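K.L.:
Test case, fold it:
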Amino acid sequence: MSLTAWLFFLPACFAINLAPGPNNLLSINVAARHGFMKAFVGGSGRLLAFAMMLALAATGLAVVLHASEWIFLAIKLAGATYLIWLAIQLWRSDAPAIDTSQPQEAALSRIARHEFFVAAGNPKAILVFTAFLPQFVDVAQPILPQFAALGASFLVLEWVAIALYSWAGMYLGKWLMRAQIRRWFNRCCGGFLAAIGVSFLLVRRG
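P.N.:
The predicted structure is shown next:
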């Protein structure tokens, strides 16, 4: 994987990290009710789930990519299709309402456990690791080290997203609950993801 590919990966990945999915909305909720630190540290639960998914995806990815370039092309098309589909969903719908049913006091272990199960049960996360990350893998080089670098970058950016959403929940929770603001935020993320998805379709293998 070249430095150029990695630098292109970072903003593309961060757009996915920032998409208003269930875990990010959970961070807003927890921060609004229990403070920044509990939401930020509790977010480690989702990082564990994502790390496990990354390990499973990397194990199968090495075999798949070496087996057939046609399969790699299929994965590339699946990744582009997924991003465009996600962009359309974000553009057309508001963010789900934030759940306020969580108790006033919550232990970090409970928050982390909730983050873990929300992430582990999200099929979109599996698609990210099996369809999005392979776009940046160079099959002419060892695959596992590249996937490890991409996975580590994803986890770091995910924790940055946790921090940002926790901060938003602490200071801007009521503002983000407004339907018009949710719609604007979703459309910004959706437009960015759609552009990235189209760019995948235009890139030709060297």
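
K.L.:
and Ala15, what helix or strand is that in?
P.N.:
Per DSSP states H and E: Ala15 is located in helix 3-18.

K.L.:
now Ala168
P.N.:
With DSSP H and E as the test, Ala168 turns up in helix 143-176.

K.L.:
buried stuff in that helix?
P.N.:
Judged by neighbour count (16 or more other C-beta atoms under 10 Å), helix 143-176 contains these buried residues: 143, 146-147, 150-151, 153-155, 157-159, 161-163, 165-170, 176. Backbone N, C-alpha and C define where each C-beta goes, glycine included.

K.L.:
ok, for Ile162, nearest residue in space, not its chain neighbours?
P.N.:
Nearest non-adjacent residue to Ile162, counting by C-beta to C-beta, 6 or more residues apart in numbering: Gly43, 3.6 Å away.

K.L.:
Please give me every residue in contact with that neighbour.
P.N.:
Applying C-beta atoms under 8 Å, 6 or more residues apart in numbering to Gly43 gives the contacts Asn23, Ser27, Ala112, Glu115, Glu158, Trp159, Ile162, Ser166.

K.L.:
Of these, which is the nearest to Leu83?
P.N.:
Distance to Leu83 across the contacts of Gly43 (C-beta to C-beta) is lowest for Glu158, with 17.0 Å.

K.L.:
Distance check, the closest one against Ser2.
P.N.:
23 Å (C-beta to C-beta, to the nearest Å).

K.L.:
which helices and strands does the helix holding Ala15 pack with?
P.N.:
With contacts taken as 3 or more C-beta pairs under 8 Å, 6 or more residues apart in numbering; DSSP states H and E, helix 3-18 sits against helix 143-176, helix 179-202.

K.L.:
Averaged pLDDT, the first one. What do you get?
P.N.:
Looking back up the chat, that one is helix 143-176. Taken as a whole, helix 143-176 has an average pLDDT of 88.
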